[in-house]
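>>> only geometry, no sequence info:
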């Protein structure tokens, strides 16, 4: 995906479209940098990082179905991610105590330590990339993105599909 | 990809990280809505829309290599996209006037008309999704995203890789 969606946009385009194209540009630049850093410094991928982040937030094991729901990926994809993380010794599968047919995924101690180091670096990368904005600008950007999120989720007049 | 990266984020996370997670959320919501609308209302995809948008901006034919560069996808992927758009009668391949071995891609009249209708709707979808923000908020969001873009592209101290 190209990084700079804004190139070639003329002044005739509406302000809304220019906001959207600039948001795409920022997303692509940051997402690309995070993926590259995860690959270079931790030999891992964003989907694997996301699985560990979900287990870390839960602070306990999750079922495959629940992981799949939180990651918004199919069960098949989660199975592949868990296979890989299990081979790396970062997670383990175990049967649920109350129903041994139900399989849970839990972080290992090694996975926990690995994730914490990586998450701390991840936070530093984001802080670096946003470093030119002062605290007031970051708060205002956070607020305006919150307004945008609400706006996207609020159906406008007759275009209710946009909110799904 | 899950829509709401913010769920489960605690107050202990830094402001920078919360800005980034909210930006991901807005991107996923808008990108998903645009892809869904393109599919439902025009039976097309975002990559095909992007090819037509590049030809429209150029206001003339482009080589496969130039299209590939602008879309930041591989030549192989562009070939598939052009095959599809050609079958739909929206673009056509033709040899360059100055070098008949060099192949150009041009929009057909039908492609031009199709793109203009779709682009007008696309602008309306974006306007709807951002409709809760007033003009001053949109201008401020545009400005702050510009500051963010510059910040991402500016190497901070010793983390020069972040800017690539």
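That came through fine. No experiment lies behind these values; they were computed from the predicted model shown.
>>> Do you have the helices of chain A handy? List them.
A:15-42, A:46-58, A:64-71, A:75-87, A:109-129, A:135-153 (DSSP state H).
>>> Serialize those helices to JSON lines and add fields for mean pLDDT.
Below are those laid out as JSON lines (pLDDT from 0 to 100):
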{"stretch": "helix A:15-42", "mean pLDDT": "96"}
{"stretch": "helix A:46-58", "mean pLDDT": "94"}
{"stretch": "helix A:64-71", "mean pLDDT": "89"}
{"stretch": "helix A:75-87", "mean pLDDT": "91"}
{"stretch": "helix A:109-129", "mean pLDDT": "96"}
{"stretch": "helix A:135-153", "mean pLDDT": "97"}
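>>> The closest residue to residue A:128 other than its chain neighbours: neighbouring residues, count only.
Of all residues not flanking residue A:128 in the chain, residue B:156 sits nearest, at 4.3 Å (CB to CB, 6 or more residues apart in numbering or on different chains). Just so you know, the C-beta spots here come from the backbone N, C-alpha and C atoms, and that holds for glycine as well. Residues near residue B:156, counting by other CB atoms under 10 Å in any protein chain shown, number 18.
>>> Domain ranges for chain A, per the record?
Structural domains assigned to chain A are A:1-42, A:44-108, following automatic domain parsing.
>>> need those domains in a markdown table with mean neighbour count and distance to chain B, can you?
Shown next, in a markdown table, are the domains of chain A (neighbours: other CB atoms under 10 Å in any protein chain shown; distance: least, CB to the nearest CB, whole Å):
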| stretch | mean neighbour count | distance to chain B |
| --- | --- | --- |
| domain A:1-42 | 17 | 3 |
| domain A:44-108 | 16 | 3 |
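>>> between these, which gets nearest to residue B:59?
With CB to CB, the closest approach to residue B:59 among these belongs to domain A:1-42: 10.6 Å.
>>> middle-most residue in chain A, spatially?
Nearest to the mean C-alpha position of chain A, by CA atoms, centre = their mean, lies residue A:50 at 6.1 Å.
>>> Surely residue A:90 and residue A:56 touch.
No - in this structure, residue A:90 is not within contact of residue A:56 by CB atoms under 8 Å, at 11.2 Å.
>>> Quick check: neighbours shared by the two?
With contacts taken as CB atoms under 8 Å, 6 or more residues apart in numbering or on different chains, residue A:90 and residue A:56 have A:107, A:115 as neighbours in common.
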